[in-house]
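Enquirer: Structure for the following, please:
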Amino acid sequence: MWTTIGEATECLDYQRVPVSKEERAKRLGNIPYYGANGLVDYIDDYIFDEPLVLVVEDETFVGREKPFSYKITGKTWVNNHAHILRSNGCVDIDYLNYSLWYYPFTPLTTGTTGRRKLTKSALISAPYVLPPLPEQHRIVTKIEELFTQLDAGVELLKKVKAKLKRYRQAVLKAAVEGNLTKEWREANQGELEPASVLLERILNQRREKWEAEQLAKMKAQGKTPKDDSWKLKYKEPTAPDTSDLPELPDEWVWVTMEMLTIQGPQNGIYLPKSDYGSGIPILRIDDFQDNFSRSSCELNLVRATTDDIERYSLSEDDLVINRVNSPSHLGKCLVVTDKHIPSLFESNMMRLHLSSFYKVLFAAYYLRSVIGKSRLISNAKWAVNQASINQTDVGNTAIPLLPIEEQQKVIEDVTVSKSLPFLKP
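Expert: This next block holds a predicted model:
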């Protein structure tokens, strides 16, 4: 039947007693002290000693995801930010709580700011559906049965997620150490270009790109080189120290990220908060993880100059690496695809572009593996709740170079044969 909340309950707001934080510090105890959103503190005395339902009085109502009510039992103290309801005998206390969790209170509130107020009169006069007590008990039993199943499902999902994470790392480990493609490599022995020969092509490509860029700069300045002496300014990339690196398959060699990079690394752009809200999409560190990324149309917008857009726009097959973050997320990476374009990238990440003879997706797999990430962040600078790596750290990171055909085979085995969508860029 239809009634009101006030007719089904007794409101005990008159018994509420707020206690300041300073006063509570002088009255330490083990009695729960409750407010609008749940447990606030503990205190040395109690006002109530019975099952009650508390309803938010003044808090965020618009867009709220948390329930509006919760149940308390035993010895408790309640402040003046929550209404207190006691069953009058015609309503089961658990049914009362569940039925008010997401009651449409917001239209009944007053105020114009985010923090609105549900007055006592609005609460107790609100219409309320009251089934017979036996029906209430059946509803509560069913809800709690479903909650039990839900809890079991959540625990199962946690276990499955942990197993998937271990499986993912096992696949990545096998991929970057050569075990995943061992049989394929043996079947194609003698037909693959050795990685040492491929490295020469990569280094030549790297030098040629640098020379082309230098010539373009000189031309823009109206200069013409008299001879080739300017080429001596080219800096050869640093080779890795292999003394502590594990053995690779015969066809593979160790290189550094710097040896594979033909553009970058380049840190992203910093713009003040006041520039955000309209303009061009910009990639931020919470827009990608190793298992997902937001598309350009889902990104925040920022106002940037034409020069900044030209300098910091992402291109397909760019490799973006997070350079400043919490230790657990430092070094996460993203392979840029057409879904991320157009967009700029923020200053807490860097981007680089690898040689066309090296599959950027294989590089991402390697950097996401335990062994790859540990090398990437081995020289990280640590601060409170935050760590960072710089361009030199990235450039010096040791990484395997394998025949380009085998790079492609690894990618296929990981993303297709193994059917692991969470490994995709």
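
Enquirer: Next one, pLDDT for the residue lying farthest from the centre of the chain please.
Expert: Relative to the C-alpha centroid of the chain, counting by C-alpha atoms, centre = their mean, Lys226 is the outermost residue, at 53.2 Å. Among the per-residue scores, Lys226 shows a pLDDT of 86.

Enquirer: Then Phe345?
Expert: Phe345 carries a pLDDT score of 96 in this model.

Enquirer: Let me know the distance separating it from Asp308.
Expert: For Phe345, the distance to Asp308 equals 11 Å [C-beta to C-beta, to the nearest Å]. For glycine as for every other residue, the C-beta is placed from the backbone atoms N, C-alpha and C.

Enquirer: Please apply the same query to Ala8.
Expert: Distance from Ala8 to Asp308, by C-beta to C-beta: 61 Å.

Enquirer: just Asp318 next, same as before
Expert: 16 Å.

Enquirer: Pick out whichever of these two has more residues nearby.
Expert: Neighbour count, other C-beta atoms under 10 Å: between Asp318 and Asp308, Asp318 has more, with 22 against 15.

Enquirer: from memory that one sits against Arg351, does it?
Expert: Yes. Under the criterion of C-beta atoms under 8 Å, Asp318 makes contact with Arg351 at 4.8 Å.

Enquirer: Spit out the residues that contact those two alike.
Expert: Val336 (C-beta atoms under 8 Å, 6 or more residues apart in numbering).

Enquirer: Give me the phi and psi angles of the nearest residue to Leu367 once chain neighbours are set aside.
Expert: Spatial nearest neighbour of Leu367, excluding adjacent residues (C-beta to C-beta, 6 or more residues apart in numbering): Cys333 at 5.1 Å. Main-chain torsions, Cys333, degrees, to the nearest 10: phi -140, psi 160.

Enquirer: measure Cys333 to Gly63 for me?
Expert: From Cys333 to Gly63 the distance is 33 Å (C-beta to C-beta).

Enquirer: again, but for Ser293
Expert: Counting by C-beta to C-beta, the gap from Ser293 to Gly63 is 26 Å.

Enquirer: same deal with Lys71?
Expert: Taking C-beta to C-beta, one finds Lys71 at 24 Å from Gly63.

Enquirer: what about those two, which has more around it?
Expert: More neighbours surround Lys71 than the other of Lys71 and Gly63, with 15 against 7 (other C-beta under 10 Å).

Enquirer: contact partners of the helix or strand where the more buried one lies?
Expert: Using DSSP states H and E, the element containing Lys71 is strand 69-72. Residues external to strand 69-72 that are found in contact with it (C-beta under 8 Å, 6+ apart): 32, 34, 38, 48, 51-56, 78, 93-94, 96-97, 100-101, 103.

Enquirer: and what of stretch 216-228?
Expert: Here stretch 216-228 has contacts from 215, 230, using C-beta under 8 Å, 6+ apart.

Enquirer: That one spans what distance, first to last residue?
Expert: One end of stretch 216-228 sits 15 Å from the other (C-alpha to C-alpha, to the nearest Å).

Enquirer: Buried ones in stretch 373-381, by neighbour count?
Expert: By neighbour count on 16 or more other C-beta atoms under 10 Å, the buried set for stretch 373-381 is 373, 375-377, 380.

Enquirer: Go through those residues and flag which are in helices.
Expert: Applying DSSP state H to those, the entries found in helices are 373, 375-376.

Enquirer: can you give me the strands for the stretch 251-400 of the chain?
Expert: Per DSSP state E, counting those that start in this stretch, the stretch 251-400 of the chain carries strands over the ranges 253-256, 261-267, 276-283, 288-289, 292-293, 300-302, 319-322, 324-325, 333-335, 344-345, 349-354, 381-383, 386-388, 398-401.

Enquirer: need the helices for the stretch 1-150 of the chain, in chain order.
Expert: Taking DSSP state H, counting those that start in this stretch, the helices of the stretch 1-150 of the chain run over residues 5-8, 21-26, 93-100, 120-124, 133-177.

Enquirer: With distance to Gln391 as new columns, can these be given to me in CSV?
Expert: Listed next are the helices of the stretch 1-150 of the chain as CSV, based on distance: least, C-beta to C-beta, whole Å:
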stretch, distance to Gln391
helix 5-8, 62
helix 21-26, 47
helix 93-100, 55
helix 120-124, 59
helix 133-177, 23
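
Enquirer: Out of those helices, flag the one nearest Thr256.
Expert: helix 133-177 (15.1 Å; C-beta to C-beta).

Enquirer: what's that closest one packed up against?
Expert: helix 93-100, helix 360-368, helix 370-376 (3 or more C-beta pairs under 8 Å, 6 or more residues apart in numbering; DSSP states H and E).

Enquirer: about what we covered before: just the buried ones from the contacts of strand 69-72?
Expert: For those, buried by 16+ other C-beta under 10 Å: 32, 34, 48, 51-56, 78, 93-94, 96-97, 100, 103.

Enquirer: on that earlier part again, what's the closest of the buried residues of stretch 373-381 to Gly153?
Expert: Lys373 (31.1 Å).

Enquirer: wait, the closest one sits on Leu367?
Expert: Yes. Counting by C-beta under 8 Å, Leu367 is a contact partner of Lys373 at 6.1 Å.

Enquirer: Overlap of the contact sets of the two?
Expert: Gly331.
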